[in-house]
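Colleague: Next one to model:
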Amino acid sequence: MSWNNRKAPHGHLIEYGHWMVHPVFVGDDGEVYTDKSKRLKNPKFIPAEPFMRPAWEGGKLQALNASLKEGKKAFTDLMSGSGASE
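Modeller: Below is the predicted model of the structure:
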C-alpha cells in the first residue's frame with residue numbers, strides 16, 4: 001500500500017511527520033509557500049497525520065474475515081464433492 005508518488009511526492013512527510021526547517025508564508029494569491037532562502041533558528045517538528053497505517057489496520061480484520069468465509073465455503077464444497085476438480 002502506498003500513495004501515488006507522482007501526484008503526492010511528499011506524502012511520506014504527512015504519514016510519518018517531519019522537521020520544518022524553512023519558514024512558510026501565505027502569498028497574495030492565498031497559496032502557502034516555503035521560503036527556502038531562509039532557515040528557522042529553531043526547527044519545528046510537524047507531527048505525523050497517518051492515513052495509510054489506519055487504513056491498513058482497519059482493513060486487516062475485513063480481509064481475514066473474507067478469506068475465512070471463502071475458505072469455509074471451499075472446504076464445504078470440497079467435502080460434499082461439488083467442488084471443481086482439477
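Colleague: gap between the helix ranked longest in the chain and the chain center?
Modeller: If each helix of the chain is counted by residues according to DSSP state H, the longest one is helix 52-80. Here the centre of helix 52-80 is set off from its chain's centre by 21 Å, with Cα atoms, centre = their mean, to the nearest Å.
Colleague: Geometric centre of the chain: which residue is closest?
Modeller: Met52 (1.9 Å; Cα atoms, centre = their mean).
Colleague: I'd assumed His12 was in contact with that residue.
Modeller: No: look at Met52 against His12 with Cβ atoms under 8 Å: they stay out of range, at 9.6 Å. Glycine gets a C-beta too; all of them are placed from N, C-alpha and C.
Colleague: follow-up on the earlier one: now the longest helix of the chain: buried residues?
Modeller: Residues of helix 52-80 include none that count as buried (16 or more other Cβ atoms under 10 Å).
Colleague: what number of residues lie near His22?
Modeller: 13 (other Cβ atoms under 10 Å).
Colleague: ok, now His12?
Modeller: Neighbour tally, His12, other Cβ under 10 Å: 15.
Colleague: Distance check, it against Asn42.
Modeller: Using Cβ to Cβ, to the nearest Å, we find His12 at a distance of 23 Å from Asn42.
Colleague: next one: Met79
Modeller: With Cβ to Cβ as the criterion, Met79 and Asn42 are 68 Å apart.
Colleague: Met79: what's it in contact with?
Modeller: By Cβ atoms under 8 Å, 6 or more residues apart in numbering, no residues touch Met79.
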